[in-house]
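predicted model follows, preceded by the sequence.
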Amino acid sequence: MKQTIATVVIALLIATCATNQKESKTKNTEKMESKTELTNKEKSAALLESLENGDKSTIAYINPTNYKQHNLGVADGLEGFGAVLQNAPEGGFKAKVVRSFQDGDYTFSQTIYDFFGPKVGFDIFRYENGLIVEHWDNLSEITDVNPSNRTQTDGSTTLTDLDKTEKNKEFVKDFVNTVLVNGGFDKMGNYFDGDNYIQHNSMIGDGLSGLGKALEEMAKNGITMVYEKNHIVLGEGNFVLAVSEGQFAGKHTSFYDLFRIENGKIAEHWDVMETIAPATEHKNHNGKFNF
């Protein structure tokens with residue numbers, strides 16, 4: 001019975017997608033002719049929030065025949081997307097996009113979910129010819145406020161310094177590789193304005209002093225955090241997202257770190273760490289990264 005329902009859901013998704021694509025090419029009304037086309041980051045935000053509001057028209061933003069999935073718990077293509085919708089809990093999903101950005105063919109968003117429980121996540125989409133062809137994400141549970149009384153998602157949302165996007169991306173890439181991957185903690189001062197640093201990690205307080213205290217506490221409890229490789233850095237203006245791979249508490253982990261840059265220094269940080277499931281649990285073979 002579930003297979004039958006899944007088949008119907010998938011057929012409806014594909015039909016909806018085809019219909020909306022056809023309508024988008026038809027200019028029968030002045031309203032359609034005058035409508036401004038959404039940016040890719042607006043499409044991404046609309047698709048994510050459709051999990052809650054049920055707007056099926058957003059399915060048209062996904063390529064119906066070429067959609068690669070990197071969430072290892074979801075199958076490829078519209079079939080995988082349809083299976084997620086089919087298994088929604090009673091009352092459906094909740095999704096509120098807090099921040100959304102665009103970098104070339106990529107978009108990246110930070111979202112508050114109720115997705116089989118309260119979660120915070122980052123989603124990355126890759127576009128070709130205006131349609132989504134690839135998706136990555138990182139999800140973790142919603143936690144209490146951190147030692148500085150900050151949540152995982154509050155803080156600045158103001159996008160500035162669009163002319164400094166590439167410079168800021170290079171700055172963050174250098175920080176991740178120099179300090180986090182290669183352990184150059186003696187060079188931390190090059191990347192921060194003293195102790196002026198707003199932290200949204202649920203376990204760490206503000207400033208480099210808060211970070212130092214948290215690392216000291218982790219060491220006392222035998223908890224290690226190791227960044228082994230940075231896979232991609234995406235940015236728009238003063239916001240930069242770094243996606244890395246490593247180990248946390250001895251478990252294979254995906255690190256998504258969002259930084260806000262101000263006056264050439266890291267001013268604010270949000271992150272999501274997700275334990276990578278073993279291969280036996282994967283529903284696709286595309287890998288967690290493979291950008």
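Looks like it arrived, so ask away.

would you map the strands across the stretch 1-150 of the chain?
For the stretch 1-150 of the chain, the strands defined by DSSP state E, counting those that start in this stretch cover 68-69, 94-103, 106-114, 118-128, 131-141.

would you map the helices across the stretch 51-200 of the chain?
For the stretch 51-200 of the chain, helices defined by DSSP state H, counting those that start in this stretch occupy the ranges 77-86, 165-175.

what's the weakest-modelled helix or strand in the protein?
Every helix and strand of the chain was ranked by mean pLDDT, DSSP states H and E. The lowest is helix 30-34, at a mean of 40.

for stretch 60-70, which residues meet the burial criterion?
Residues of stretch 60-70 classed as buried: 60-64, 67-70 (neighbour count, 16 or more other Cβ atoms under 10 Å). C-betas here are computed from N, CA, C, even on glycine.

how close does the most centrally placed residue in the chain get to Thr253?
The chain has Phe122 as the residue nearest its centroid, 1.9 Å off, counting by Cα atoms, centre = their mean. Phe122 is 14 Å from Thr253, where distance means Cβ to Cβ, to the nearest Å.

what does Met218 give?
Met218 sits 14 Å away from Thr253, taking Cβ to Cβ as the criterion.

tell me which of the two has more neighbours.
In this view Met218 and Thr253 are compared by other Cβ atoms under 10 Å, and Thr253 has more residues nearby, 21 against 16.

now the angle from whichever strand or helix holds that one to strand 131-141?
For Thr253, the element it lies in under DSSP states H and E is strand 251-262. Counting by axes from the mean of the first three to the mean of the last three Cα atoms, to 10 degrees, strand 251-262 lies at 100 degrees to strand 131-141.

for strand 251-262, packing partners?
Here strand 251-262 touches strand 131-141, helix 165-175, strand 239-248, strand 265-275, going by 3 or more Cβ pairs under 8 Å, 6 or more residues apart in numbering; DSSP states H and E.

distance from the chain centre to stretch 153-172, please.
Put simply, stretch 153-172 sits 16 Å off its chain's centre (Cα atoms, centre = their mean, to the nearest Å).

and stretch 217-226, by the same measure?
Chain-centre distance of stretch 217-226: 26 Å, with Cα atoms, centre = their mean.

that one: end-to-end distance?
Terminal residues of stretch 217-226 lie 16 Å apart, using Cα to Cα, to the nearest Å.

how about it: buried residues?
218, 225.

picking up where we left off before, to Asn129, which of the helices of the stretch 51-200 of the chain lies closest?
Asn129 lies closest to helix 77-86 among the helices of the stretch 51-200 of the chain, at 17.0 Å (Cβ to Cβ).

still on that earlier bit, ok, which of the helices and strands packed on strand 251-262 comes nearest Lys213?
Once the helices and strands packed on strand 251-262 are compared by Cβ to Cβ, strand 265-275 is nearest, at 15.4 Å.

against which helices or strands is that closest one packed?
Where contact means 3+ Cβ pairs under 8 Å, 6+ apart, strand 265-275 is packed against strand 118-128, strand 131-141, strand 198-199, strand 251-262.

next helix or strand past the shortest one?
So that's strand 198-199. Next in sequence after strand 198-199, counting helices and strands by DSSP H and E, comes helix 207-220.

show me the contacts for Ser44.
61, 100, 107, 109, 123, 125, 132 (Cβ atoms under 8 Å, 6 or more residues apart in numbering).

what about the last one, neighbour count?
Neighbour count for Ile132, taken as other Cβ under 10 Å: 21.

tell me the bridge partners for it.
Beta bridges link Ile132 to Ile62, Tyr127 when assigned by DSSP bridges.
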